[in-house]
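**Q** Sequence first, predicted coordinates after that:
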Amino acid sequence: MSETSAEQRRLNLMIALSATRHRLTREQIRDRVEGYDAVPAGATAQERQRADASFQRMFERDKDELRRMGIPLRTITDPTHQNDLGYRIDGDMAMPELDLSLQDAAVLALAVEYWSGRSMAADARQGYAKLISSVAHGQGPRLPYGGMSTTVGVEATATLSEAITERQSVRFEYASASSDTRVRTVQPWTIVMRAGLEYLVGWDVDAEDSRVFRLGRILGTVRLVGEPEAFERPATVSLGSLADEAEVSTAVVAVRPEAGHAVRRRGRPAGARDGWELFEVDYRHADVLRSEVLSMNGAARIVSPESLATSVIEHARAALEVARG
Amino acid sequence: MAETSRDRLVRMLGMVAYLESHGATPVAVLAEHFGVSQAKVTQELWTLGMSGVPPYLPDEYLDFDFDALDEGLAVLRDAQGVTQVRLSGQEAVALTGALATLIAAGTAPEGAVDLLERIRVAFGGAAPVTVLPGGDTVDPALRDTLAGAITRGHAVRADYVDAQDHRTERVIEPHRLVAIDGIGYVECWCRKAQGYRTLRLSRFADAEELADAATQPASAEHGFSLEPQYNATVTMRRSARWAFEDIAGVAVEDDGDSATATFGVSDTGWAAARLLTVAPHLLRVEPVTLREELARHAGAVIAAQGD
């Protein structure tokens, strides 16, 4: 049966695990499901060992692939023989009837385009293919809209959304804006996106508290640790500092006349002084506001708080130093 | 983009779902709907027909009318309960995250809000992503004006604040509303500049649709694809590595204490501004063009902040 394609073998595995009443053990799967090679008759111990190893590898990969497709493939432990693992697909895995129109499909295609070239592209493409499966065929409208992501949808986004769905812990190195860089172990709850910034909200195992992480500040790779279904996600996830208005501070930013329109639009006028126009601006992350002022090439300055003003000067001085070589 | 085994399995399940909803369907229609050749559709329907429930008794396979299939018509007789599967967590994050981002940026087409809600409900309301509106507020009336002008092929008189912070009145021919990193823009032909431009929606002070018909076709190049002019090499303390990881096409080498990022620069001013934001962690910046721009920016900031 070695000519069976991977997708056919996985389809057979999916059908077999949905049809079973109780569960199927690995051995039963190997014997019964089409696409897996049975142990060859008259094999030597060495051949048998090699065939066993290859089956295990193949099965692990198939199991992961089905889970990655969103299929609720559960591991069932026999109550009397704890080491005897079995598998079953539990619950309703069918795509609900959504009754999508061709216009809906065209809108969804924009969501796929948004991730083009990012690590979420394959997931967006497959989700789209699933959703449009039952849409009656026809010529959809060409919509004069588009989008792309260059900062969100990083490698971490894909790994974290998998971990959130599987309820599996993650470990990553994190450069905090307020404390030092160190490795965090987190039970991930939800991803939050806001205007080009992406966050993870979850339980920081070492700090024993819920925390908000900026995905852009993760160094290197996010690793899955431990087993799936390792924790319960709270029924309502508090977005912590992201939603907490108390975490919002106010700065006074001075901008040159006819300049700093982004600041003007979201700020509240606070008078004028020495050729500068003043605005009160609310901010959540001091480093984001600092970056904004630093990027305005001298057309803006921080009036208060003092700490933010000092930090702007320090950054500019450090830049001069490195620029002089 | 290389097709994966998962793409093929999703498509095969999709064909079963399509046939369940719409009954007998010409192979040619399936091929168009799923974007593959007719030969591929026929082959995959045969593969489906050879799959079933162990121990694979004759009536335990997915069943098609294979005589009709030979004539180019797909007829499903028994799906054995197989159909398309619901969205995975990652798929839900990708699709609902992007839709909600387009909506928050003010660049979502009609029906997007309703579609997002239906997908969320279908996923059990538990898609592990939340999209919060950004600071870049876009007046819904502006979006409607631009969308209407695009549909009718009309020009728009715009009161716009440009990147150099000059407020100008100009006539544009809008082509497409786009969201880039959660920020809304309009791709257009600018009659004043006689060129294609990508204008930020939050910088519009006012816009008015004219009766005047658009004269220029949409650019084949999207306004946001910029050509790099040179490569920059920046060495920083490791803790600032994150600030470089999201730059398109960047390569980062990490030696434990420090990291070196190499990336293409299309806009020297943008790159200098990015470097300023992590300046205390920088160790070395190449080439000299970028160092000079960095010094200019830093000097301007000190002059402003210091007085």
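**A** Structure received. Nothing here was measured: the structure is a model prediction, and the numbers come from that model.
**Q** starting at the chain centroid, how far to the helix or strand hosting residue B:186?
**A** For residue B:186, the element it lies in under DSSP states H and E is strand B:183-190. From the chain centre to the centre of strand B:183-190 is a distance of 15 Å (CA atoms, centre = their mean, to the nearest Å).
**Q** quick one: strands adjacent to the helix or strand following it?
**A** The helix or strand immediately downstream of strand B:183-190 is strand B:195-200, counting by DSSP H and E. Strand B:195-200 has the following sheet partners, assigned by DSSP bridges: strand B:183-190 (antiparallel).
**Q** does any bit of the longest strand seen in chain B sit next to chain A?
**A** Under DSSP state E, the strand in chain B containing the largest number of residues is strand B:167-180. Yes - Strand B:167-180 reaches chain A (CB under 8 Å from any CB of the partner chain) through B:167, B:175, B:176, B:177, B:178, B:179, B:180. Glycine gets a C-beta too; all of them are placed from N, C-alpha and C.
**Q** Which strands or helices does that strand pack on?
**A** strand A:145-148, helix B:140-152, strand B:154-161, strand B:183-190, strand B:195-200, strand B:204-213 (3 or more CB pairs under 8 Å, 6 or more residues apart in numbering or on different chains; DSSP states H and E).
**Q** Would you reformat those as CSV and include distance to residue B:242 and mean neighbour count?
**A** Shown next, in CSV, are the helices and strands packed on strand B:167-180 (distance: least, CB to CB, whole Å; neighbours: other CB atoms under 10 Å in any protein chain shown):
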stretch, distance to residue B:242, mean neighbour count
strand A:145-148, 21, 22
helix B:140-152, 33, 17
strand B:154-161, 31, 20
strand B:183-190, 21, 24
strand B:195-200, 25, 18
strand B:204-213, 33, 14
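**Q** now residue A:136: how far from chain B?
**A** Counting by CB to the nearest CB, to the nearest Å, the separation of residue A:136 from chain B is 6 Å.
**Q** low-scoring stretches of chain B, by residue?
**A** B:1, B:124-127, B:133-137, B:162-166, B:220-228, B:246, B:248, B:307 (pLDDT under 70).
**Q** same thing but 80
**A** Chain B contains residues with pLDDT under 80 at B:1-2, B:122-139, B:161-167, B:180-183, B:219-229, B:242, B:245-250, B:256, B:266-267, B:307.
**Q** again with the stretch 1-150 of chain A
**A** Within the stretch 1-150 of chain A, the ranges that satisfy pLDDT under 80 run A:1-3, A:38-41, A:78-84, A:91, A:117-119, A:149-150.
**Q** tell me the angle the longest strand of chain B makes with strand B:204-213.
**A** 90 degrees (axes from the mean of the first three to the mean of the last three CA atoms, to 10 degrees).
**Q** Export strand B:167-180 to PDB, keeping only CA atoms.
**A** Provided in PDB are the C-alpha atoms of strand B:167-180 (Å, rounded to 0.1, in the frame of the first residue of the first chain):
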ATOM      1  CA  ARG B 167      -1.700  70.800   4.000                       C
ATOM      2  CA  THR B 168      -2.800  70.900   0.400                       C
ATOM      3  CA  GLU B 169      -5.900  70.600  -1.800                       C
ATOM      4  CA  ARG B 170      -5.500  68.200  -4.600                       C
ATOM      5  CA  VAL B 171      -7.700  66.200  -7.000                       C
ATOM      6  CA  ILE B 172      -7.200  62.400  -6.900                       C
ATOM      7  CA  GLU B 173      -8.600  59.500  -8.800                       C
ATOM      8  CA  PRO B 174      -9.000  56.800  -6.200                       C
ATOM      9  CA  HIS B 175      -8.500  53.100  -7.200                       C
ATOM     10  CA  ARG B 176      -8.300  50.900  -4.100                       C
ATOM     11  CA  LEU B 177      -8.700  51.100  -0.400                       C
ATOM     12  CA  VAL B 178      -5.900  49.200   1.400                       C
ATOM     13  CA  ALA B 179      -4.900  48.400   4.900                       C
ATOM     14  CA  ILE B 180      -1.200  48.100   5.500                       C
END
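**Q** Name the residues of that strand that are buried.
**A** Using 16 or more other CB atoms under 10 Å in any protein chain shown as the test for burial, strand B:167-180 gives B:170, B:172, B:173, B:174, B:175, B:176, B:177, B:178, B:179, B:180.
**Q** Same check on stretch A:231-239?
**A** A:233, A:237, A:239.
**Q** Quick one: residues contacting the second one.
**A** Right, the one you point to is residue A:237. The contact partners of residue A:237, by CB atoms under 8 Å, 6 or more residues apart in numbering or on different chains, come to A:189, A:190, A:201.
**Q** quick one: which helix or strand includes the second one?
**A** Looking back up the chat, that one is residue A:190. Here residue A:190 is assigned to strand A:182-194, by DSSP H and E.
**Q** Between strand A:182-194 and the next helix or strand after that strand, find me the angle.
**A** Moving toward the C-terminus from strand A:182-194, the next helix or strand (DSSP H and E) is strand A:197-204. Counting by the same axes, to 10 degrees, strand A:197-204 lies at 130 degrees to strand A:182-194.
**Q** for strand A:197-204, packing partners?
**A** Counting contacts by 3+ CB pairs under 8 Å, 6+ apart, strand A:197-204 is packed against strand A:182-194, strand A:209-214.
**Q** Buried deepest among those strands, which one?
**A** strand A:182-194 (a mean of 20; mean count of other CB atoms under 10 Å in any protein chain shown).
**Q** Could you see whether chain B lies near it?
**A** Yes - counting by CB under 8 Å from any CB, chain B is contacted by strand A:182-194 at A:188, A:189, A:190, A:191, A:192, A:193, A:194.
**Q** Point out the other helices and strands that that strand packs with.
**A** On the basis of 3+ CB pairs under 8 Å, 6+ apart, strand A:182-194 makes packing contacts with helix A:155-166, strand A:169-174, strand A:197-204, strand A:209-214, helix B:89-104, strand B:129-132.
**Q** Just the endpoints, please. Distance across stretch A:110-130?
**A** End-to-end distance of stretch A:110-130 (CA to CA, to the nearest Å): 15 Å.
**Q** which ones are touching residue B:284?
**A** A:322, B:233, B:234, B:235.
**Q** Any regions of the stretch 201-325 of chain A where pLDDT drops low?
**A** A:216, A:235-248, A:257-262, A:264-266, A:284-285, A:325.
**Q** Pipe the helices and strands packed on strand B:167-180 into TSV and attach distance to residue A:273 per row.
**A** Below are the helices and strands packed on strand B:167-180 laid out as TSV (distance: least, CB to CB, whole Å):
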stretch	distance to residue A:273
strand A:145-148	41
helix B:140-152	32
strand B:154-161	22
strand B:183-190	31
strand B:195-200	28
strand B:204-213	25
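**Q** just the helices and strands packed on strand A:182-194: most buried one?
**A** It is helix B:89-104: most buried of the helices and strands packed on strand A:182-194 by mean count of other CB under 10 Å, with a mean of 27.
**Q** quick one, phi/psi of the nearest residue to residue A:260 once chain neighbours are set aside?
**A** In space, and not counting its chain neighbours, residue A:260 is closest to residue A:300: 4.9 Å by CB to CB, 6 or more residues apart in numbering or on different chains. Dihedral angles of residue A:300 (phi, psi; degrees, to the nearest 10) stand at phi -140, psi 150.
**Q** rewinding a little: state the pair within the contacts of residue B:284 that is farthest apart.
**A** A:322 and B:233 (12.9 Å; CB to CB).
**Q** what do these two both touch?
**A** Taking CB under 8 Å, 6+ apart as the contact criterion, the common neighbours of residue A:322 and residue B:233 are B:284, B:285.
**Q** Chain B - how does it break down into domains?
**A** Following automatic domain parsing, one finds the domains of chain B at B:5-78, B:89-122, B:140-213, B:230-306.
**Q** among those domains, which is the most enclosed?
**A** domain B:89-122 (a mean of 23).
**Q** Please, where are all the helices along chain A?
**A** A:6-19, A:26-32, A:45-68, A:102-114, A:121-131, A:155-166, A:261-266, A:286-294, A:306-323 (DSSP state H).
**Q** Of those helices, which is nearest residue B:64?
**A** Proximity to residue B:64, assessed across the helices of chain A by CB to CB, is greatest for helix A:6-19 (14.3 Å).
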